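>>> Whatever this is, show me its structure:
(2 chains)
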Amino acid sequence: ERTFSAMMTVIAKEDKADEAERVLTSMAEAGWRPTAAAFNSLISLHVNHGRMSAALKVLDRMVCLAIHPTTATYTTIMSGYAAQGLHQEALNTFLALKEKGLSPDIVTYGCLLAVYRDLRRIQKMEDVIAELKREGLAANSVIYSTLIQAYAQEGRYDEAERVFEGLRVEGASVDVTLYNIVMSVHSRAGQPFKAVALFHSLLSLGLVPDTVTYNTLIQALSVGGLPGEVEKVHRHMLQANCACD
RNA sequence: GUUCGAGUUUUAC
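I've put the predicted structure just below:
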């Protein structure tokens, strides 16, 4: 059962849609009950290639086989619509999830927030974050980084920074991606020194810079009028054995 | 400490 869904994710990563379909249907025909996670992997595969109608067909077959879609099922579909800029469809999927009696989890909310960010509905985002907290969920780095991007997109850099400070006071999780995002915001705000400062605090927290970190920092320095500093970043990168281009 | 799903850099008109 468990090894099965693992197998499905492997197949999904290699984009063998037809193979995945075959395995899944033959299992079902043999009287096995594939897990919802196995179907979710297949749905995710279609979604990652922009094949929403194929994804929805899998959802239908799931229902026909009496395998109940999960929160992850709907979240996957929602993210597919969001990726295509089909915001209303994404929001409808969120409603559908709740109508089925399922509860959105932190990943679902992260996806919902990305939709409202693209729609430039900041107040709505604040409402959603309040709602998720009311439901006992802990806002994490994904939630806050999405909000930070929304403020930055409107040029409201001080509010973006306040969110970043607030999250640390609150003790929310932090990760490299959050730092990458805030560094990028400082870069666009014309504050290369803040990006550099953030790079150092990320290191002091024991976070490991990735290729996006270095690229973002280099970008911040070159557009920020400090191209001379770029060489230092390169040296740091090589010393850290980072597999960057 | 049990990874099926969410957020980040660049991208030639």
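>>> From here on, just use CA atoms for contacts and neighbour counts.
OK.
>>> looking at chain A, which helix or strand does the model trust least?
Least confident helix or strand, chain A: helix A:2-13 with a mean of 67, by mean pLDDT, DSSP states H and E.
>>> buried sites along the very next helix or strand once past that helix?
With elements assigned by DSSP states H and E, the helix or strand that comes after helix A:2-13 is helix A:17-29. Within helix A:17-29, the residues scored as buried using 16 or more other C-alpha atoms under 10 Å are A:17, A:20, A:23, A:24, A:25.
>>> Check those against residue A:178 and report the nearest one.
residue A:17 (32.8 Å; C-alpha to C-alpha).
>>> List the residues that contact that closest one.
A:11, A:42, A:45, A:46 (C-alpha atoms under 8 Å, 6 or more residues apart in numbering).
>>> Now do the helices in chain A.
A:2-13, A:17-29, A:36-48, A:52-64, A:71-83, A:87-99, A:106-118, A:122-134, A:141-153, A:157-170, A:176-188, A:192-204, A:211-223, A:230-239 (DSSP state H).
>>> between those, which gets the lowest average pLDDT?
For the helices of chain A, mean pLDDT drops lowest on helix A:2-13, to a mean of 67.
>>> relative to its centroid, which residue of chain A is most remote?
residue A:30 (36.1 Å; C-alpha atoms, centre = their mean).
>>> per-residue confidence for that residue?
pLDDT for residue A:30: 84.
>>> where does it fall, phi/psi-wise?
Per-residue torsions, residue A:30: phi -80, psi 0 (degrees, to the nearest 10).
>>> who are the neighbours in contact with residue A:59?
A:39, A:43, A:69.
>>> Determine the number of other residues adjacent to residue A:113.
Residue A:113 is flanked by 25 other residues according to other C-alpha atoms under 10 Å.
>>> How about residue A:149?
21.
>>> sorry, back to before: Throw the contacts of residue A:59 into TSV and include neighbour count and distance to residue A:118, thanks.
Formatted as TSV, these follow (neighbours: other C-alpha atoms under 10 Å; distance: C-alpha to C-alpha, whole Å):
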residue	neighbour count	distance to residue A:118
A:39	25	28
A:43	26	23
A:69	20	27
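>>> circling back: so how far is residue A:125 from the residue farthest from the centre of chain A?
46 Å (C-alpha to C-alpha, to the nearest Å).
>>> Would you enumerate the residues in contact with residue A:221?
Contacts of residue A:221 (C-alpha under 8 Å, 6+ apart): A:187, A:192, A:227, A:229, A:230.
>>> nearest residue to the last one other than its sequence neighbours?
Ranked by C-alpha to C-alpha, 6 or more residues apart in numbering and with sequence neighbours excluded, the top spatial neighbour of residue A:230 is residue A:218, at 5.7 Å.
>>> Surely that neighbour touches residue A:232?
No. Using C-alpha atoms under 8 Å, residue A:218 is not in contact with residue A:232, being 9.7 Å away.
>>> Between the two, which is the more surrounded one?
residue A:218 (24 against 10).
>>> Could you tell me how far the more buried one is located from residue A:57?
44 Å.
>>> which residues touch the closest residue to residue A:58 other than its chain neighbours?
Sequence neighbours aside, residue A:43 is the residue nearest to residue A:58 in space, at 6.4 Å (criterion: C-alpha to C-alpha, 6+ apart). Residue A:43 is in contact with A:54, A:55, A:56, A:58, A:59, A:73, A:76, A:77, counting by C-alpha under 8 Å, 6+ apart.
>>> how many neighbours does the residue nearest to the first one when sequence neighbours are not counted have?
So the one you mean is residue A:54. Spatial nearest neighbour of residue A:54, excluding adjacent residues (C-alpha to C-alpha, 6+ apart): residue A:46 at 6.3 Å. Using other C-alpha under 10 Å, residue A:46 has 23 other residues around it.
>>> Fine by me, we can end here.
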